[in-house]
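> With the input below, show me the fold.
(one chain, ligands or ions: 1)
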Amino acid sequence: MISSPDAARIVLVSRAHLFKTTYPPSKQKIIGPEAIFFHQGEYHSRLKKLVQSIFLPSSMKLLVTDIDQLVAKFLPSWENTTINTLNEMKRFTLDVAMLSAFGEGSDLDTESIKHLYHCLDKGYNSMPINFPGTPFRKAMKARKVIDETLRRAIQKRRKSTQQGGGLLGVLLSSKDQLTDSQIADNIIGLIFAARDTTASVMTWILKYLHDHEELLHAVTTEQESIRGRISEEKRKLKWEDTRRMPLTSRVIQETLRTASVLSFTFREAVEDIEFEGYLIPKGWKVLPLFRTIHHSPDFFPQPDKFNPSRFEVPPSPNTYMPFGNGSHSCPGSELAKLEILILVHNLTTTYRWEIVGEELDGIQYSPFPVPKQGLPIRVTSIKKTV
Ligand code: HEM
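Sure thing, here's the model as predicted:
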């Protein structure tokens, strides 16, 4: 286990060629063996460039209105009811993931893909017993149907002059052609990487803002000034507005640090490696521990205190890695932050929320660390509470 920033940099960046990514075979089967996570070298870097291209600012700018509309669809359905924050956030982040996978107004039956994805998800962390009736078998079955649906869509789009939007469009129009299974595995992989990570961070933000009233007030003030400008100019939220949310951005940074939802990652030594006086034998797992580094008082004084102002100065190099580091680092980090900014903008300017239930504190692992019971909250409109 690696808990020093310099050692983590060596494993993930400077000697990354000696430490390959590694996942249990059952996870590879469920996501698809040709997905980006499982590869290194030429195939990995080719895919990485394609995936990164959909998250360039020029592409993301076009997503702001769509994401804003999605938020506008969800928020009123939460009003005056008790919701399970994590589950609702997962519904929202799945919709955003579908948008980045297939583009806006796609011809696919996204509702049925979403339904199948839920079956797949239920089996992902189950015992990998391939026997009728087990969650693993059900997940594999759902995966097969998603795969068939995607292959039909791929065939259709290949025949058409229009390759369509989202990652699917980008992978289809790649110069050096990718096979149908390479495309399908990476679409499923993108949805998988995008949904629960972002939903868990959103759940924590609501918890932290709820617990820090002054901060909620300051974030609301920042967001109301943007909302005021938008209504003066009689327009919708746009990309440029999301670049003018410094306090909210620091709240996101601090949430990513404190919650460290991806607490560590796995690598495997590809050969016997001499490492800072130790021998790491070939085949041994090496775990850079992001959470431990993020919670070290050497780099983040009073690490258990939720204090966004610590990000007024940039953290020391290699001490802050919520999105990983090196060639496998997260290509979706800017999309994740954008979704959160748009959610917080709409939520703080319109609603307040109270946590429901006795036990307000505590963590559960789902497997990402999230507030207990997925944070049940009651949401009310600000207009009605004043
Ligand atoms: C707050 C939300 C998110 C967090 C905390 C997060 C975190 C991470 C981390 C730490 C890694 C690196 C794993 C490793 O090195 O083993 C990673 C990889 C990845 N993430 Fe994210 N992620 C988030 C959201 C997203 C979103 C929204 C997308 C896409 C829409 C995405 C797509 C990916 C992909 C495709 C990889 C694999 C990259 C590769 O292997 O080269 N992630 N993520």
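> Pull the contacting residues for residue 312.
residue 250 (C-beta atoms under 8 Å, 6 or more residues apart in numbering). For glycine as for every other residue, the C-beta is placed from the backbone atoms N, C-alpha and C.
> Please identify the helix or strand for residue 145.
Here residue 145 sits within helix 135-159, counting by DSSP states H and E.
> wait, isn't residue 364 in contact with residue 373?
Yes. Under the criterion of C-beta atoms under 8 Å, residue 364 makes contact with residue 373 at 7.1 Å.
> any idea what sits nearest residue 317, other than its immediate chain neighbours?
The shortest distance from residue 317 to any non-neighbouring residue, by C-beta to C-beta, 6 or more residues apart in numbering, is to residue 5 (7.3 Å).
> so how many other residues sit close to the one you found?
21 (other C-beta atoms under 10 Å).
> Now for the closest residue to the ligand within the chain, how many residues are close by?
Nearest residue of the chain to the ligand, counting by C-beta to the nearest ligand atom: residue 332, 2.1 Å away. By other C-beta under 10 Å, the residues close to residue 332 number 22.
> ok, now residue 113?
24.
> cool, residue 116 as well?
The number of residues near residue 116, taken as other C-beta under 10 Å, comes to 21.
> What residues of the helix or strand containing residue 337 count as buried?
In the assignment (DSSP H and E), residue 337 maps to helix 333-350. Buried residues in helix 333-350, counted by 16 or more other C-beta atoms under 10 Å: 335-350.
> Ok, stretch 141-156 next?
Those would be 142-143, 146-147, 149-150, 153-154, for stretch 141-156 by 16+ other C-beta under 10 Å.
> Show me what residue 275 is bridged to.
For residue 275, the beta-bridge partners under DSSP bridges are residue 278.
> That one touches residue 10, doesn't it?
Yes. Contact criterion C-beta under 8 Å: residue 275 and residue 10 qualify, at 7.4 Å.
> And these two? Which one has more around it.
residue 10 (22 against 16).
> Show the contacting residues for the more buried one.
residue 275.
> Report whether it is found in a strand, as I expect.
No. Using DSSP: H, G, I helix; E, B strand; the rest coil, the assignment for residue 10 is helix, not a strand.
> What pLDDT does the model give it?
According to the per-residue confidence, residue 10 scores 97 in pLDDT.
> Distance-wise, check residue 225 relative to residue 333.
26 Å (C-beta to C-beta, to the nearest Å).
> My error: substitute residue 325 in the last question.
Distance from residue 325 to residue 333, by C-beta to C-beta: 11 Å.
> Any idea how far apart the tips of stretch 119-136 sit?
Criterion C-alpha to C-alpha, to the nearest Å; first-to-last residue distance in stretch 119-136 is 9 Å.
> Now tell me what touches that stretch from outside.
Here stretch 119-136 makes contact (C-beta under 8 Å, 6+ apart) with 24-27, 29-30, 137-143, 146, 188, 192, 195-196, 367.
> Go again with 6 Å.
Stretch 119-136 has contacts (C-beta atoms under 6 Å, 6 or more residues apart in numbering) with 26, 30, 137-139, 142-143, 367.
> Among those residues, which one has the most neighbours?
That'd be residue 139 among those, by other C-beta under 10 Å, with 25 neighbours.
> In space, what's closest to that one - neighbours in sequence excluded?
Leaving aside its sequence neighbours, residue 139 sits nearest to residue 123 (C-beta to C-beta, 6+ apart; 2.4 Å).
> go on, residue 9?
residue 318 (4.6 Å).
> and what of residue 189?
residue 35 (3.3 Å).
> what about the one you found, how many residues close to it?
22.
> I figured it hits residue 184, correct?
No. Using C-beta atoms under 6 Å, residue 35 makes no contact with residue 184, being 9.3 Å away.
> residues near residue 357, how many?
Neighbours around residue 357, by other C-beta under 10 Å: 11.
> so it, which of the three states?
coil.
> Any idea what the residue nearest to it when sequence neighbours are not counted is bridged to?
In this structure, residue 357 finds its nearest non-sequential neighbour in residue 376, 5.6 Å apart by C-beta to C-beta, 6+ apart. Residue 376 has the following beta-bridge partners by DSSP bridges: residue 84.
> who's in contact with residue 376?
82, 84, 356-357 are the contacts of residue 376 under C-beta under 6 Å, 6+ apart.
> which residues sit against the helix holding residue 337?
With C-beta under 6 Å, 6+ apart, helix 333-350 has contacts from 55, 67-68, 71, 75, 96, 198, 202, 219-220, 223-224, 227, 242, 245, 248, 252, 323.
> Of the residues you listed, select the buried ones using a PyMOL command.
Burial among the contacts of helix 333-350 is assessed by 16+ other C-beta under 10 Å; the matching PyMOL selection reads:
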select buried, resi 55+67+68+71+75+96+198+202+219+220+223+227+242+245+248+252+323
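> check the contacts of helix 333-350 against the ligand, which are close?
198, 323 (C-beta under 6 Å from any ligand atom).
> Among the contacts of helix 333-350, name the ones in helices.
Among those, DSSP state H puts 67-68, 71, 75, 96, 198, 202, 219-220, 223-224, 227, 242, 248, 252 in helices.
> OK, contacts around residue 295?
Residue 295 neighbours (C-beta under 6 Å, 6+ apart): residue 303.
> Check the one 4 residues further on too.
With C-beta under 6 Å, 6+ apart as the criterion, the residues that contact residue 299 are 316, 319.
> And the pLDDT at it?
On the pLDDT scale, residue 299 gets 98.
> wait, is it part of a strand?
No. Going by three-state DSSP, the assignment for residue 299 is coil, not a strand.
> Ramachandran angles for it?
Phi and psi for residue 299, reported as degrees, to the nearest 10, are phi -110, psi -30.
> separation between it and residue 14?
19 Å.
> Check residue 220 too.
Where residue 14 is concerned, residue 220 sits at a distance of 43 Å (C-beta to C-beta).
> repeat for residue 186
Counting by C-beta to C-beta, the gap from residue 186 to residue 14 is 27 Å.
> looking at the protein, which residue lies furthest from center?
residue 277 (36.2 Å; C-alpha atoms, centre = their mean).
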